[in-house]
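Asker: Could you look at this predicted model? Sequence included:
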Amino acid sequence: MGCAPRRSAESASSSPFALGTWVVGPWLLPGLSHNAYLFLGATLSATSVGITGRVFRDLGKLDSPAARIVLGAAVIDDVLGLVILAVVSSLVQAGSVSVGQVGGIIAQAVIFLAGSIWIGRLIAPHSSRWLAQLDAGPSMLFAQVLATGLFLAWLAHAIGLAPIIGAFAAGLLFEPIFLRDFDRPGHRARNRAAVAEGRSGPGRAPAADIEEAWRTPA
């Protein structure tokens, strides 16, 4: 990915965390505990890759060198932000952590992210294809993504990490190509034709049923 995105991500994560913890938090919210300021700093270190990508796409600059640097930095920044959140969560729960514990938390978070994404991308194409055979509508797509996010969030919590790390991993493991079997026009047409056929009865025109079914959401 290059050095430029990595340097940008490191600056984009460390600066908001430091400012939120030691400057903005005590200034705007005086009297709170230091743990509250730590969580504020961890929150400010988060970014949104989706929003960043949409801005470049709307500008028609998604393939530009600047977009690649910014998007690469945003991905790294998200991972660093989640690592910061994991360290802060452990610090608040335990009261204090050693350098070795911080290194262990970082290694645990990185291994969890890499492992869940790698295993998930092996399973996602097959599970998506199987679920799309049952129902290729948006409700099944939503159910699959939601269930995956909840499962990985529970798994992250079970091994001692913040649940949001698991939810973030679920968002990274799905690619559009894995979900291409959902919401197919042919499937919608068959659904509407089946609805129209089921509604047809004595004295009813099939053409009118098809028109009514077409107006009904799939």
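Answerer: Happy to help now that I have it.
Asker: Tell me which other helices or strands the longest helix that the chain contains touches.
Answerer: Ranked by residue count, the top helix of the chain under DSSP state H comes out as helix 99-134. Where contact means 3 or more Cβ pairs under 8 Å, 6 or more residues apart in numbering; DSSP states H and E, helix 99-134 is packed against helix 65-94, helix 138-158, helix 163-173. C-beta coordinates here come from the backbone N, C-alpha and C atoms, glycine included.
Asker: domain parsing for this structure?
Answerer: As assigned by automatic domain parsing, the chain contains the domains 1-96, 98-183, 186-215.
Asker: How far off centre is the second one?
Answerer: Read that as domain 98-183. 8 Å (Cα atoms, centre = their mean, to the nearest Å).
Asker: For that domain, the averaged confidence score.
Answerer: Average pLDDT, domain 98-183: 81.
Asker: Show residues contacting the helix or strand that residue 56 is a member of.
Answerer: Element membership for residue 56, per DSSP states H and E: helix 49-58. Residues from elsewhere that reach helix 49-58 (Cβ atoms under 8 Å, 6 or more residues apart in numbering): 62, 64, 67, 70, 71, 74, 75, 78.
Asker: how distant is that helix from the center of its chain?
Answerer: With Cα atoms, centre = their mean, you get 15 Å for helix 49-58.
Asker: Does the closest residue to residue 76 other than its chain neighbours lie in a helix or a strand, and which?
Answerer: Nearest non-adjacent residue to residue 76, counting by Cβ to Cβ, 6 or more residues apart in numbering: residue 9, 3.5 Å away. Assigned by DSSP H and E, residue 9 falls within helix 3-19.
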